[in-house]
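Enquirer: Sequence plus the predicted model coming up.
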Amino acid sequence: MARIEKTVEIKAPPEKVFAFMTSDRMNDIWGKYMEGKWMSEGPVGVGSIAHWVAKPAFKLPGEWDTEVTEFVDNRKMVMKTVEKSKLKMTTTGILEPIANGSKTTYIEEYEVPYSVLGKLADKLKYGKETEKFMEDVLQNLKRALET
(Lines give C-alpha, C1' and ligand atoms only; values in the text may rest on other atoms or scores of the structure.)
Protein backbone atom coordinates (compact mmCIF):
# COMPACT_ATOMS: atom_id res chain seq x y z
CA MET A 1 0.00 0.00 0.00
CA ALA A 2 1.19 3.51 -0.80
CA ARG A 3 1.15 6.03 2.05
CA ILE A 4 1.23 9.84 1.99
CA GLU A 5 1.17 12.01 5.11
CA LYS A 6 0.80 15.81 5.31
CA THR A 7 0.52 18.12 8.33
CA VAL A 8 -0.52 21.72 8.89
CA GLU A 9 -0.85 23.91 11.98
CA ILE A 10 -4.21 25.66 12.27
CA LYS A 11 -4.93 28.56 14.62
CA ALA A 12 -8.12 26.98 15.95
CA PRO A 13 -8.70 24.49 18.78
CA PRO A 14 -9.06 20.80 17.90
CA GLU A 15 -12.77 20.88 18.80
CA LYS A 16 -13.45 23.53 16.14
CA VAL A 17 -11.36 21.75 13.49
CA PHE A 18 -12.97 18.37 14.23
CA ALA A 19 -16.49 19.82 14.13
CA PHE A 20 -15.72 21.29 10.71
CA MET A 21 -14.18 18.03 9.46
CA THR A 22 -17.24 15.98 10.41
CA SER A 23 -19.78 18.40 8.93
CA ASP A 24 -21.04 18.93 5.40
CA ARG A 25 -18.94 22.11 5.36
CA MET A 26 -15.99 19.88 4.43
CA ASN A 27 -17.16 20.26 0.84
CA ASP A 28 -15.92 23.84 1.13
CA ILE A 29 -12.35 22.56 1.36
CA TRP A 30 -12.47 19.67 -1.14
CA GLY A 31 -12.78 22.39 -3.77
CA LYS A 32 -12.12 21.26 -7.30
CA TYR A 33 -11.42 17.65 -6.30
CA MET A 34 -14.60 16.02 -4.97
CA GLU A 35 -17.87 16.33 -3.09
CA GLY A 36 -18.91 14.23 -0.14
CA LYS A 37 -22.11 13.62 1.75
CA TRP A 38 -22.80 11.78 4.98
CA MET A 39 -25.35 9.08 4.20
CA SER A 40 -25.88 7.94 7.79
CA GLU A 41 -28.34 9.62 10.13
CA GLY A 42 -27.27 11.24 13.39
CA PRO A 43 -23.84 12.34 14.55
CA VAL A 44 -20.74 11.04 12.78
CA GLY A 45 -19.10 8.09 14.51
CA VAL A 46 -17.96 4.50 13.95
CA GLY A 47 -20.13 2.97 11.24
CA SER A 48 -21.07 6.27 9.57
CA ILE A 49 -21.02 6.08 5.76
CA ALA A 50 -20.02 8.89 3.39
CA HIS A 51 -20.56 8.93 -0.37
CA TRP A 52 -17.96 10.67 -2.56
CA VAL A 53 -18.09 11.91 -6.14
CA ALA A 54 -14.86 12.88 -7.88
CA LYS A 55 -14.70 16.06 -9.96
CA PRO A 56 -12.70 16.12 -13.21
CA ALA A 57 -9.60 17.61 -11.52
CA PHE A 58 -9.24 14.48 -9.36
CA LYS A 59 -7.89 11.45 -11.19
CA LEU A 60 -9.94 8.79 -9.40
CA PRO A 61 -12.88 6.62 -10.44
CA GLY A 62 -16.15 8.55 -10.33
CA GLU A 63 -17.81 7.51 -7.06
CA TRP A 64 -17.05 5.54 -3.90
CA ASP A 65 -18.23 5.08 -0.32
CA THR A 66 -16.25 5.15 2.90
CA GLU A 67 -17.09 3.96 6.41
CA VAL A 68 -15.78 5.43 9.65
CA THR A 69 -13.85 2.62 11.33
CA GLU A 70 -12.23 4.56 14.18
CA PHE A 71 -13.51 7.69 15.89
CA VAL A 72 -12.07 9.57 18.87
CA ASP A 73 -14.01 12.81 19.31
CA ASN A 74 -11.86 15.91 18.64
CA ARG A 75 -8.75 13.75 18.09
CA LYS A 76 -8.95 11.17 15.31
CA MET A 77 -11.13 9.75 12.55
CA VAL A 78 -10.28 6.85 10.23
CA MET A 79 -12.33 6.07 7.12
CA LYS A 80 -11.96 3.07 4.81
CA THR A 81 -13.54 2.44 1.46
CA VAL A 82 -16.33 -0.09 1.67
CA GLU A 83 -16.02 -3.47 -0.05
CA LYS A 84 -18.12 -2.60 -3.09
CA SER A 85 -15.97 0.45 -3.92
CA LYS A 86 -13.43 0.16 -6.73
CA LEU A 87 -10.88 2.04 -4.63
CA LYS A 88 -8.98 0.48 -1.76
CA MET A 89 -8.14 3.41 0.49
CA THR A 90 -7.84 4.40 4.14
CA THR A 91 -7.93 8.05 5.13
CA THR A 92 -6.93 9.22 8.62
CA GLY A 93 -7.31 12.64 10.21
CA ILE A 94 -5.43 13.29 13.46
CA LEU A 95 -5.69 16.43 15.59
CA GLU A 96 -3.26 17.36 18.33
CA PRO A 97 -3.58 20.45 20.51
CA ILE A 98 -0.64 22.86 20.28
CA ALA A 99 0.01 26.23 21.93
CA ASN A 100 -1.70 28.31 19.23
CA GLY A 101 -4.33 25.83 17.99
CA SER A 102 -4.14 22.41 16.35
CA LYS A 103 -1.61 20.29 14.55
CA THR A 104 -3.70 18.61 11.86
CA THR A 105 -2.36 15.52 10.10
CA TYR A 106 -3.95 13.92 7.05
CA ILE A 107 -2.80 10.42 6.04
CA GLU A 108 -3.91 8.58 2.93
CA GLU A 109 -3.05 4.95 2.32
CA TYR A 110 -4.15 3.42 -0.94
CA GLU A 111 -3.69 0.32 -3.01
CA VAL A 112 -2.80 0.83 -6.64
CA PRO A 113 -4.48 -1.63 -9.02
CA TYR A 114 -2.80 -3.21 -12.01
CA SER A 115 0.31 -4.61 -10.35
CA VAL A 116 3.60 -3.31 -11.82
CA LEU A 117 2.00 -0.87 -14.28
CA GLY A 118 -0.16 0.64 -11.54
CA LYS A 119 2.81 1.08 -9.24
CA LEU A 120 4.77 2.79 -12.00
CA ALA A 121 1.83 5.10 -12.77
CA ASP A 122 1.58 5.86 -9.05
CA LYS A 123 5.23 6.90 -8.82
CA LEU A 124 5.09 8.97 -12.01
CA LYS A 125 1.70 10.59 -11.67
CA TYR A 126 -0.95 9.58 -9.12
CA GLY A 127 1.26 9.87 -6.03
CA LYS A 128 2.29 13.42 -6.98
CA GLU A 129 -1.31 14.38 -7.73
CA THR A 130 -2.42 12.93 -4.39
CA GLU A 131 0.25 14.91 -2.52
CA LYS A 132 -0.89 18.11 -4.26
CA PHE A 133 -4.51 17.30 -3.43
CA MET A 134 -3.68 16.73 0.24
CA GLU A 135 -1.66 19.96 0.47
CA ASP A 136 -4.50 21.93 -1.16
CA VAL A 137 -7.13 20.41 1.15
CA LEU A 138 -5.11 21.19 4.30
CA GLN A 139 -4.45 24.77 3.16
CA ASN A 140 -8.16 25.21 2.34
CA LEU A 141 -9.03 23.88 5.82
CA LYS A 142 -6.56 26.29 7.41
CA ARG A 143 -8.01 29.26 5.48
CA ALA A 144 -11.60 28.27 6.30
CA LEU A 145 -10.90 28.06 10.05
CA GLU A 146 -8.56 31.02 10.43
CA THR A 147 -10.77 33.63 8.75
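Expert: The structure has been received and is ready for your questions.
Enquirer: quick one: the strands in the chain?
Expert: Applying DSSP state E to the chain gives strands spanning 2-10, 34-38, 49-54, 63-72, 76-81, 89-98, 101-110.
Enquirer: on contacts alone, who are the packing partners of the helix ranked longest in the chain?
Expert: Ranked by residue count under DSSP state H, the longest helix found in the chain is helix 127-146. Applying 3 or more CB pairs under 8 Å, 6 or more residues apart in numbering; DSSP states H and E, one finds that helix 127-146 contacts strand 2-10, helix 14-21, helix 27-30, strand 101-110. Yep, even glycine has a C-beta here, placed from its N, CA and C like the rest.
Enquirer: just to revisit the earlier point, to Thr22, which of the strands of the chain lies closest?
Expert: Nearest to Thr22 among the strands of the chain is strand 76-81; the distance by CB to CB comes to 7.0 Å.
Enquirer: Show me what the closest one is packed up against.
Expert: Strand 76-81 is packed against strand 63-72, strand 89-98, with contacts defined by 3+ CB pairs under 8 Å, 6+ apart.
Enquirer: Adding mean neighbour count, write those out as a markdown table.
Expert: Below are the helices and strands packed on strand 76-81 laid out as a markdown table (neighbours: other CB atoms under 10 Å):
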| stretch | mean neighbour count |
| --- | --- |
| strand 63-72 | 16 |
| strand 89-98 | 17 |
